[in-house]
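**Student:** show me how the following folds:
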Amino acid sequence: MECWQACRDLRIFAAKVCNGLPKEEEYRLKDQILRSARSTTANLAEGYGRFHYQENIQYCRHARGSAYEVLDHFITGVDENLIAEAALSECRILVEKSVQLLNGYIRYLKSRKK
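**Tutor:** Next up is the predicted model:
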């Protein structure tokens, strides 16, 4: 699925940025970024495996929320001088792409449900 691939790209990017965070952020910001980024693809996989349109839609919504959570953590990282503005800009692009594709997939699932 295209939306899963876009979320995967976001997850991989987030992990690369996290590698550059200071050691003292290991169990703080780094952990939060990684968990929310991993949640995007994990929720899509779980929803897909439910074989029910409404449940799949709900897990897609969770994935969308997790994508926005990644973005918020990046903003926090910039505010605290832990993440570069350029990384935040790239994150915004990846989140926007993921959300657009997720919204399209949700619309598709809703149309199939009827």
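
**Student:** now do the buried residues in the longest helix along the chain.
**Tutor:** Taking DSSP state H as the assignment, the helix of the chain that covers the most residues is helix 85-113. Residues of helix 85-113 classed as buried under the neighbour-count rule (16 or more other CB atoms under 10 Å) are 87-88, 90-91, 94-95, 97-99, 101-102, 105-106, 109. C-beta coordinates here come from the backbone N, C-alpha and C atoms, glycine included.

**Student:** residue contacts, the residue nearest to the spatial centre of the chain?
**Tutor:** Within the chain, one residue has its C-alpha closest to the average C-alpha position: by CA atoms, centre = their mean, that is residue 67, at 2.9 Å. Contacts of residue 67 were listed using CB atoms under 8 Å, 6 or more residues apart in numbering, and they are 7, 10, 40, 95, 98-99, 102.

**Student:** please redo it, this time with the cut-off set to 6 Å
**Tutor:** When the contact criterion is CB atoms under 6 Å, 6 or more residues apart in numbering, the partners of residue 67 are 40, 95, 98-99.

**Student:** run the chain-centre distance for the helix or strand where it lies.
**Tutor:** The secondary structure element spanning residue 67 is helix 53-79 (assigned by DSSP states H and E). Between the mean C-alpha location of helix 53-79 and the chain-wide mean there is a distance of 5 Å, by CA atoms, centre = their mean, to the nearest Å.

**Student:** got the angle for that helix vs helix 85-113?
**Tutor:** Interaxial angle, helix 53-79 versus helix 85-113 (axes from the mean of the first three to the mean of the last three CA atoms, to 10 degrees): 170 degrees.

**Student:** buried residues, helix 53-79. List them.
**Tutor:** By neighbour count, and taking 16+ other CB under 10 Å as the criterion, the buried residues in helix 53-79 are 53, 56-60, 62-64, 66-67, 69-71, 73-74, 77-78.

**Student:** now do stretch 34-42
**Tutor:** By neighbour count on 16+ other CB under 10 Å, the buried set for stretch 34-42 is 34, 36-42.

**Student:** just the pLDDT at residue 91, thanks.
**Tutor:** pLDDT recorded at residue 91 is 98.
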